[in-house]
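K.L.:
With the input below, show me the fold.
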Amino acid sequence: MHRIYSNICGLKEFGLWGKIAECLSEVLPTLPGKMKQTIARISVLVDDYDEAIKFYTRKLKFILLEDTQLSETKRWVVVAPKGSEGCNLLLAKAVNDEQKSRIGNQAGGRVFLFLFTDDFQQAYQNLLDQSVTIIRQASQEVYGRVAVFADLYGNLWDLVEPSDNRSGL
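P.N.:
Below is the predicted model of the structure:
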């Protein structure tokens with residue numbers, strides 16, 4: 001087995017265990033039988049599609065990735081922060097009493113979503129300029145600069161610029 005990984009990584013000597021370990025961390029996930037998974041979307045319950053699109057695209061400066069009519073009452077609406085390559089939001093219109101009761105409180109009063117930024121001051125100033133409700137003012141924490149804000153329905157968000165040593169927070 002060691003020879004296989006050594007050949008895959010282009011190693012000629014068997015004494016390079018550090019290099020082998022580094023290479024294995026890259027090679028093993030790509031071998032057959034290793035499943036790669038990622039969270040692609042998170043549903044956010046909304047009361048009105050257009051109202052939610054307006055909030056996310058105008059106030060938070062997100063990009064509308066898709067808005068497809070699926071039926072008379074259902075649309076597939078996806079938004080994401082500018083420059084985001086990861087998870088995005090599916091704006092899902094609540095259709096029954098149980099779903100409607102969760103609008104704005106999907107996390108039971110806790111922070112629901114975390115919006116990371118590489119320019120906290122600009123992002124925070126945008127929230128202020130757009131009259132987004134600030135729940136907790138900006139502060140410096142061990143993991144980075146953070147403020148808590150509410151979306152148009154009341155779901156809580158953390159705006160975070162991670163500290164240099166906490167990028168994977």
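
K.L.:
any low-confidence regions in this protein?
P.N.:
Along the chain, the parts satisfying pLDDT under 70 run over 1-32, 165-169.

K.L.:
Now the residue nearest to the spatial centre of it: closest residue in space, sequence neighbours ignored.
P.N.:
By CA atoms, centre = their mean, the mean C-alpha position of the chain lies nearest to residue 87, the distance being 4.6 Å. Of all residues not flanking residue 87 in the chain, residue 39 sits nearest, at 5.2 Å (CB to CB, 6 or more residues apart in numbering). To be clear about C-beta, it is placed using only N, CA and C from the backbone, and glycine gets the same treatment.

K.L.:
three-state assignment of the one you found?
P.N.:
Classification of residue 39 by DSSP: H, G, I helix; E, B strand; the rest coil places it in coil.

K.L.:
do the same with the one 4 residues further on
P.N.:
Look at residue 43: counting by three-state DSSP, its state is strand.

K.L.:
hmm, back to that, isn't the residue nearest to residue 87 right next to residue 90, touching?
P.N.:
No - at 11.6 Å, residue 39 does not count as touching residue 90 under the criterion of CB atoms under 8 Å.

K.L.:
In terms of neighbours, single out the busier of the two.
P.N.:
residue 90 (17 against 8; other CB atoms under 10 Å).

K.L.:
is it true that the more buried one touches residue 45?
P.N.:
No - with contact defined as CB under 8 Å, residue 90 does not count as touching residue 45 (10.0 Å).

K.L.:
those helices in the chain, which residues are they?
P.N.:
According to DSSP state H, the chain carries its helices in the segments 2-8, 17-27, 49-54, 97-102, 120-129.

K.L.:
Residue 141: how many residues sit nearby?
P.N.:
By other CB under 10 Å, 13 other residues sit near residue 141.

K.L.:
Tell me what it is bridged to.
P.N.:
Following DSSP bridges, residue 141 is listed with bridge partners residue 144.

K.L.:
and it, how far is that from residue 97?
P.N.:
38 Å (CB to CB, to the nearest Å).
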